[in-house]
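What follows is a predicted structure for the sequence shown.
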Protein chains: 2
Amino acid sequence: MRIIVDAFGGDNAPLEVLRGCAMAVKEYGVDIIACGSEKTIREVCQKNRIPLDRISITDVEKVIPVEVDPTEVVKSYDDCTMAVGMKMLASGEGDAFVSAGSTGAIVVGASLFVKRIKGIKRAALATVIPSQDGCYMLLDMGANAECRPEMLVQFGIMGSAYMEHVLGIERPRVGIINIGTEENKGLELQIDAYRMMQHAPVNFVGNVEPRDLPFTKCDVAVADGFVGNVVLKLTEGLGSWFSKELKGILFQNAASKIGAVFLSKGVLSFKKKMDYTEYGGAPLMGISKPVIKAHGSSNAKAFKNAIRQAKEYTERGVIGEISDALAQLRANAADNRTEG
Amino acid sequence: MRIIVDAFGGDNAPLEVLRGCAMAVKEYGVDIIACGSEKTIREVCQKNRIPLDRISITDVEKVIPVEVDPTEVVKSYDDCTMAVGMKMLASGEGDAFVSAGSTGAIVVGASLFVKRIKGIKRAALATVIPSQDGCYMLLDMGANAECRPEMLVQFGIMGSAYMEHVLGIERPRVGIINIGTEENKGLELQIDAYRMMQHAPVNFVGNVEPRDLPFTKCDVAVADGFVGNVVLKLTEGLGSWFSKELKGILFQNAASKIGAVFLSKGVLSFKKKMDYTEYGGAPLMGISKPVIKAHGSSNAKAFKNAIRQAKEYTERGVIGEISDALAQLRANAADNRTEG
């Protein structure tokens, strides 16, 4: 398995990216193709004693800054590390692509260089969010601020394929994030998506209210990119606040410090559950080859896990499963037309 | 101060509502006008030893169920406890109105029986949400799923008046909930509201990302009712999950139970911070007289606090402040036209 990596994407590039690559080589036995300035990569690796075994370098100087308009990745930045890596993926020089760079540029670049799966309207960023009984997949988490109902249906199909084939969940329950559970709740988008989702080849469980998301009332939660991004960021913010409060409770005075000693095991297991670096990156679903967006502030461990995710996404054939489900959706629609 | 109460609104009516009324009479020295079946109220109070001092009863038999279409409150249910209470408020027989009944019916009823403040496009449900350094006000939390940008500006003005005059926060910081902080982020709604908010008589601090809400980056957070409802319900859900996790950590085994003893003070203070019953109800802002929506599942304490909120909202003259700010907004707009 050859994973192409944008060595200069993200807040902590290239050091943490390269560290993550070296860890992934060792743990998962993958080969890495790192796109970026060969001179800098060699210097950073030498200085920080990062082994370059099974890491080849494609020498690219230009890097696309996060503040640049995302569409520039196919215009004046079409020779940057991200663009070169995606073009290599498209031409078959690697099996998957991972970057912690600008989300917008990854979405635009992947859609134009790598192309979408036939029939997919728009690619969606999907992320796995910890919850009481495990986790659920949220999509779209921000690639498409505005969505049409058929896009939400496709998100359901894509998330379902991922949860079933990567995380091994049987008949994943798909829900629409909404402000009420009744089928007439929400805006036109949710009402129409509800109707259409009933004919999709997924295990549709209806609308899910945000208060039920942490209790895993569904395995795949679909929303437009605006609402999805709100859910993701509020979960991050509240998680970070509660962690701070917990720390405050444990270490506020001498008595509580004694108490903390007795609790360390439970606290550690909760911390691990909430740790985003455990979950890897966000697959850009709907693209015809595996593209993974790692968190912009990824450290080595998070980047390593994003590479693991790229490997699993590729090996488990998620993209083939999505294509099959889309074909079935079209067949269902044709049947409905014939019956009607 | 005479508070009109819908004695038959909410999951725990009339018992918990009446208990809350009796507690409010004792603690805040208010007079209560309870709308509902006089026979049932007298029976429930006698059976549960709830004193009826300073509580008068307006005998109304009909109650609007939560599942009925909200507009029915002004049609076939215009003689229900909620409708009668609001009409009494409109005609000056009381100073404020509190109900734990159907949110939709309260919004429709208040807008049509009590009327909006002159110039206000739509009433908004506002709620105070706990955060790291205290709390912030979120509006709209669900009265208007779809909004126009000028409505978001009015929400900012109304929330600002509340936070300044009821909670005593000087120059409350108003933010727009958005998926990025830059002024060109989000949908047309957020982009246009950003531009218009700059000319409003509020301390506008720009867009606020959901991950910063728990860290009180603003005192008033505005959003359309769909996004506001998502923020409210996800906060509730995650709060409830984290409380359970904390309990699990504290009581999972003998060692942790020992630890828990040393921590009880910190845990209690956090629990109090997160307790929605402390914060009372949600004012329906933009209505020309004080209308408070209590949580549907209010217990006596929550209902008592909703009455306290009604009292404070009335005494501090929030409605007058909103009117003044709207006049200033119109003057600013006129100035801009003259300059432009």
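Done, it's in. Note that the structure is predicted; figures quoted are calculated from it, not measured.

lowest confidence element among the helices and strands of chain A?
helix A:254-274 (a mean of 68; mean pLDDT, DSSP states H and E).

For stretch A:122-139, measure first residue to last.
Length of stretch A:122-139, first residue to last, Cα to Cα, to the nearest Å: 12 Å.

So for that stretch, what gets flagged as buried?
Buried residues in stretch A:122-139, counted by 16 or more other Cβ atoms under 10 Å in any protein chain shown: A:122-132, A:135-139. Every C-beta, even on glycine, is put in place using the N, C-alpha and C of the backbone.

Backbone torsions only: list them for A:Arg173.
Dihedral angles of A:Arg173 (phi, psi; degrees, to the nearest 10) stand at phi -80, psi 120.

so it sits right up against A:Asn203, yeah?
Yes - using Cβ atoms under 8 Å, A:Arg173 is in contact with A:Asn203, at 5.4 Å.

one step back: moving C-terminal of the least confident helix or strand of chain A, what's the next helix or strand?
Sequence order places strand A:282-285 as the next helix or strand after helix A:254-274, per DSSP states H and E.

ok, residues contacting the helix or strand just after that following strand?
Per DSSP H and E, the first helix or strand lying C-terminal to strand A:282-285 is strand A:291-293. Contact partners of strand A:291-293, identified using Cβ atoms under 8 Å, 6 or more residues apart in numbering or on different chains, comprise A:86, A:89, A:96-100, A:103, A:106, A:110, A:114, A:125, A:280-284, A:306-307, A:309-310, A:313.

List the ones among those that fall in helices.
A:86, A:89, A:103, A:106, A:306-307, A:309-310, A:313 (DSSP state H).

Export those residues as TSV, with columns for distance to chain B, neighbour count and pLDDT.
Output for these, formatted as TSV (distance: Cβ to the nearest Cβ, whole Å; neighbours: other Cβ atoms under 10 Å in any protein chain shown; pLDDT from 0 to 100):
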residue	distance to chain B	neighbour count	pLDDT
A:Met86	24	31	98
A:Leu89	27	25	98
A:Thr103	10	21	92
A:Ile106	16	31	97
A:Ala306	20	29	96
A:Ile307	25	28	97
A:Gln309	22	23	94
A:Ala310	25	29	96
A:Tyr313	25	24	93
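
Closest to chain B out of the buried residues of stretch A:122-139?
A:Gln132 (5.6 Å; Cβ to the nearest Cβ).

contacting residues around that closest one?
Neighbours of A:Gln132 in contact, by Cβ under 8 Å, 6+ apart: A:214-216, B:241, B:244-245.

So which residues of the stretch 1-150 of chain A form helices?
Taking DSSP state H, counting those that start in this stretch, the helices of the stretch 1-150 of chain A run over residues A:15-28, A:38-47, A:81-90, A:103-109, A:149-165.

Run the chain-centre distance for the third one.
It stands for helix A:81-90. On the basis of Cα atoms, centre = their mean, to the nearest Å, helix A:81-90 sits 18 Å off its chain's mean C-alpha point.

And the contacts of it?
Against helix A:81-90 from outside (Cβ under 8 Å, 6+ apart): A:4-9, A:33, A:35-36, A:58, A:60, A:62-64, A:73-74, A:77, A:94-97, A:99, A:101-102, A:105-106, A:109-110, A:113-115, A:289, A:291.

Convert the C-alpha atoms of it to CSV, please.
C-alpha atoms of helix A:81-90 as CSV (Å, rounded to 0.1, in the frame of the first residue of the first chain):
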residue,chain,number,x,y,z
THR,A,81,2.4,19.9,-2.8
MET,A,82,-1.3,19.2,-2.4
ALA,A,83,-2.1,19.5,-6.1
VAL,A,84,0.9,17.4,-7.1
GLY,A,85,-0.1,14.7,-4.6
MET,A,86,-3.7,14.5,-5.8
LYS,A,87,-2.5,14.3,-9.5
MET,A,88,-0.3,11.4,-8.5
LEU,A,89,-3.2,9.7,-6.9
ALA,A,90,-5.4,10.3,-10.0
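
Quick check: residues of the stretch 1-150 of chain A near chain B?
Residues of the stretch 1-150 of chain A found near chain B (Cβ under 8 Å from any Cβ of the partner chain) are A:131-132, A:142, A:145-146.

any idea which of those is the one closest to B:Leu18?
Among the residues of the stretch 1-150 of chain A next to chain B, A:Gln132 lies closest to B:Leu18 (Cβ to Cβ), at 35.8 Å.

For the stretch 51-200 of chain A, give the residue positioned nearest to chain B.
Nearest residue of the stretch 51-200 of chain A to chain B (Cβ to the nearest Cβ) works out as A:Ile179 at 4.3 Å.

who's in contact with the longest strand seen in chain A?
In chain A, ranked by residue count with DSSP state E as the criterion, the top strand is strand A:124-131. Residues from elsewhere that reach strand A:124-131 (Cβ under 8 Å, 6+ apart): A:103, A:107, A:135-144, A:151, A:154-155, A:158-159, A:162, A:167, A:213-216, A:225, A:231-232, A:235, A:273-274, A:279-280, A:282-286, A:293, B:241.

Can you report how many residues neighbour the nearest residue in space to A:Ser56 that is not next to it in sequence?
Of all residues beyond its chain neighbours, the one nearest A:Ser56 is A:Ile33 (5.3 Å), with distances taken as Cβ to Cβ, 6 or more residues apart in numbering or on different chains. Look at A:Ile33: counted by other Cβ atoms under 10 Å in any protein chain shown, it has 21 neighbours.

quick one: A:Ile33 from chain B, how far?
Distance of A:Ile33 to chain B, computed by Cβ to the nearest Cβ, to the nearest Å: 32 Å.

so what's that residue bridging to?
A:Ile4, A:Ser56 (DSSP bridges).

center of chain A - which residue?
Taking Cα atoms, centre = their mean, the centroid of chain A lies closest to A:Ala282, which sits 1.0 Å from it.

got a list of what it touches?
A:125-127, A:141, A:292-295.

Check A:Gly159 too.
A:Gly159 neighbours (Cβ under 8 Å, 6+ apart): A:126, A:137, A:139, A:172, A:174, A:219-222, A:285.

repeat for A:Ile55
A:18, A:21-22, A:25, A:31-34.

Give me the neighbour count for the nearest residue to it once chain neighbours are set aside.
Spatially, and ignoring its direct neighbours in sequence, A:Ile55 is nearest to A:Ile32 (4.4 Å; Cβ to Cβ, 6+ apart). A:Ile32 has 26 neighbours, counted by other Cβ under 10 Å.

thinking A:Ile32 is in contact with A:Ala24, fair?
Yes - the criterion here is Cβ under 8 Å, and A:Ile32 meets it with A:Ala24 at 7.0 Å.

between the two, what contacts are shared?
Common neighbours of A:Ile32 and A:Ala24 (Cβ under 8 Å, 6+ apart) are A:3, A:307.

which stretches of the stretch 51-200 of chain A aren't confidently modelled?
Counting by pLDDT under 70, the stretch 51-200 of chain A contains no low-confidence range.

picking up where we left off before, ok, the contacts of A:Gly159 vs A:Gln198, which is closest?
A:Val174 (10.9 Å).

In three-state terms, how would that closest one be classified?
Three-state assignment for A:Val174 (DSSP: H, G, I helix; E, B strand; the rest coil): strand.
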